[in-house]
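> I would like to see how this sequence folds:
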Amino acid sequence: MISPYLGLALAIIALLGHAKGFFSSGEKALAAKQDKSEKALIEHDRRIQRVEDELKHLPDKDTVMELKLALAELKGTVSALGETVGSVSRTVHRIDDYLRQEAKG
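Residues are numbered from 1 along each chain as shown. Next comes the predicted model:
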């Protein structure tokens, strides 16, 4: 008398176990896909953080403009120094030529 009910209960438990396994198989794939996505997201976050850290050290547009102006000013100063050095060089050559002529004469 209990045997048919026990058999039916075991059959229902077995069917529920198979149904759970069937429906949870998609969850496993979804969980694996979610883990993979989370790892990629963490990696992208780290890469973005590295880029942001490097960008902090770069000059902004105002600093670049100041550097351009300073370089233009420096270029003008070097040009003026070049003219002065050329003038001094010509004077030194004239003095040298004069001293050589005096030494011969």
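> so where do the helices sit in this protein?
With DSSP state H applied, the chain shows helices at 2-57, 61-104, listed in chain order.
> Same list, those helices, but as JSON lines with mean pLDDT and mean neighbour count please.
In this view, the C-beta of every residue, glycine as well, is placed from N, C-alpha and C. As requested, the helices of the chain are arranged in JSON lines below (pLDDT from 0 to 100; neighbours: other C-beta atoms under 10 Å):
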{"stretch": "helix 2-57", "mean pLDDT": "86", "mean neighbour count": "10"}
{"stretch": "helix 61-104", "mean pLDDT": "92", "mean neighbour count": "10"}
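> any idea how far residue 18 is from the residue most central in space within the chain?
Nearest to the geometric centre of the chain sits residue 51, at 3.4 Å (C-alpha atoms, centre = their mean). Here the criterion is C-beta to C-beta, to the nearest Å. By it, residue 51 lies 50 Å from residue 18.
> Then residue 67?
Using C-beta to C-beta, which is the criterion applied here, residue 67 is 73 Å from residue 18.
> what's the spacing between stretch 17-35 and its chain's center?
On the basis of C-alpha atoms, centre = their mean, to the nearest Å, the separation between the geometric centre of stretch 17-35 and that of its chain is 39 Å.
> which residues sit against that stretch?
The contact list for stretch 17-35, computed with C-beta atoms under 8 Å, 6 or more residues apart in numbering, is empty.
> going forward, begin numbering at 23 instead of 1
OK, 23 is where the count begins now, so the last one is stretch 39-57.
> Keeping just the C-alphas, turn that stretch into CSV.
Taking Å, rounded to 0.1, in the frame of the first residue of the first chain, the C-alpha atoms of stretch 39-57 are listed here in CSV:
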residue,chain,number,x,y,z
GLY,A,39,16.0,16.9,-10.0
HIS,A,40,16.3,16.5,-13.8
ALA,A,41,14.2,19.7,-14.3
LYS,A,42,16.4,21.7,-12.0
GLY,A,43,19.5,20.4,-13.8
PHE,A,44,18.0,21.3,-17.2
PHE,A,45,17.0,24.8,-16.2
SER,A,46,20.2,25.5,-14.2
SER,A,47,22.5,24.5,-17.1
GLY,A,48,21.7,27.9,-18.7
GLU,A,49,22.5,29.6,-15.5
LYS,A,50,26.0,28.1,-15.4
ALA,A,51,26.7,29.4,-18.9
LEU,A,52,25.3,32.8,-18.0
ALA,A,53,27.4,32.8,-14.8
ALA,A,54,30.5,31.9,-16.7
LYS,A,55,29.8,34.7,-19.2
GLN,A,56,29.2,37.2,-16.4
ASP,A,57,32.5,36.2,-14.8
